[in-house]
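Participant: Pasting the sequence and the predicted model now:
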Amino acid sequence: MVVLDVALILLASAQCGVFSSTQAHQFGLSNQDLHRLARKGHLVRLCHGGYALPQALECATADLRYLLTVRAAVLARPVRSWASHHAGLAVHGLPLHGVDTTSVDVCGRVTRRARSTGLEVHPLPEDEPCQVVGGIRVVSAALAVVQVAARSVAGGLVAVDAALHGGLVSDAELTAAADRAGLGPRQRARVAAVFGMADRSCESPGESLTRMLLSGLGLAFRTQVNLADSMGLIGRVDFLVGERVVVEFDGLVKYSGADGREALAAEKQREDRLRAAGYEVVRLTWADLKDPERVARMIRQAAARSAAH
């Protein structure tokens, strides 16, 4: 009967529960042995040549499972490679929006791009200051952000806002990364659009996407605005459209549990003060962001109510 060597289990545990088939071969396991162990549930195959101990995936969120897949994919590469694109974002702890988490991108010392099931290999840009983060080889946060922005404006905006807000990158680093990324004209245009919309004061992916939506609707607005009444500061709002319409993105997660109930009560008191001061409040959820016409209608109606006061 094929069993996992204790030393291999210890090695995998030191690597957050994952290992490569090459590492397993060093402990006497063949590819057939690994397939057999995976079929019996003693291992989980994450990608070509990458495996995880089942306990590493217990209660794992989708984001954590993807990060483990990235880790396994980098380990499984026969030549030195670095996680890149949205795989790089995951390693740097940046949010993933609208990306394909069934695939992993890496950069390596190759002359041209190559693709196989679940893996895409790209040439590593010259002068790229690669790093090791959490034990995983990865391109710089700036390059990963640029690579994602070159593919998706929405995904890129979420990533660049978070990277700037968290201090992971500077404007100069983003510009330098865009210059060395080897982008085509359309990709450069997409990245420039993302950079033009970036806002380091943005505090969540939902706010980034709300800002993009408001811009797309052609509305004049300000972000992260402090509002006050006769008693003093009411608080900072996500967006102020015109002069009297407050738009807030509400992810709802913060209102769960006992602490959430307190937060909800405080939020209601804050909103009551805003309304008493003559502001109208529009709250948006993830579902609203998928319906721009509905959002536009909500804001028009709020503006009309404000004007009628």
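Facilitator: Sure, I can see it. Residues are numbered from 1 along each chain as shown.

Participant: Can you tell me the element Leu75 falls in?
Facilitator: helix 62-76 (DSSP states H and E).

Participant: Now do that helix, average pLDDT.
Facilitator: Average pLDDT, helix 62-76: 95.

Participant: Give me the contacts around it.
Facilitator: 15-23, 46-52, 56-57, 60, 81-83, 87, 90-91, 96, 101, 104, 106, 118-119, 135-137 (CB atoms under 8 Å, 6 or more residues apart in numbering). All C-beta atoms are positioned from the backbone trio N, CA, C, and that covers glycine.

Participant: Same question for stretch 218-235.
Facilitator: Applying CB under 8 Å, 6+ apart, the set of residues contacting stretch 218-235 is 199, 201-203, 207, 211, 214, 236-242, 246-247, 270, 273-274, 276-277, 279, 299.

Participant: What segments of the stretch 151-300 of the chain are helices?
Facilitator: 153-165, 171-180, 185-197, 205-216, 257-276, 286-289, 292-308 (DSSP state H, counting those that start in this stretch).

Participant: Among those helices, pick out the one with the most neighbours on average.
Facilitator: Highest mean neighbour count among these (mean count of other CB atoms under 10 Å): helix 153-165, with a mean of 25.

Participant: Surely Arg190 is in contact with Gln147?
Facilitator: No: counting by CB atoms under 8 Å, Arg190 sits too far from Gln147 to count as a contact (11.1 Å).

Participant: average pLDDT for the host helix or strand of Trp82?
Facilitator: In this assignment (DSSP H and E), Trp82 forms part of strand 81-84. The average pLDDT for strand 81-84 rounds to 96.

Participant: could you say what helices and strands that strand packs with?
Facilitator: Counting contacts by 3 or more CB pairs under 8 Å, 6 or more residues apart in numbering; DSSP states H and E, strand 81-84 is packed against helix 62-76, helix 85-92, strand 104-108, strand 136-138, helix 141-151.

Participant: Redo the ones you listed as a markdown table? Include distance to Thr285.
Facilitator: Shown next, in a markdown table, are the helices and strands packed on strand 81-84 (distance: least, CB to CB, whole Å):
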| stretch | distance to Thr285 |
| --- | --- |
| helix 62-76 | 20 |
| helix 85-92 | 24 |
| strand 104-108 | 31 |
| strand 136-138 | 33 |
| helix 141-151 | 24 |
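
Participant: which one of those lies closest to His35?
Facilitator: Closest approach to His35 among the helices and strands packed on strand 81-84 (CB to CB): helix 62-76, 14.7 Å.

Participant: Run the chain-centre distance for that closest one.
Facilitator: 15 Å (CA atoms, centre = their mean, to the nearest Å).

Participant: buried set for that helix?
Facilitator: Neighbour counts using 16 or more other CB atoms under 10 Å place Arg65, Tyr66, Leu67, Leu68, Thr69, Val70, Arg71, Ala72, Ala73, Val74, Leu75, Ala76 of helix 62-76 among the buried residues.

Participant: Thanks a lot, catch you later.
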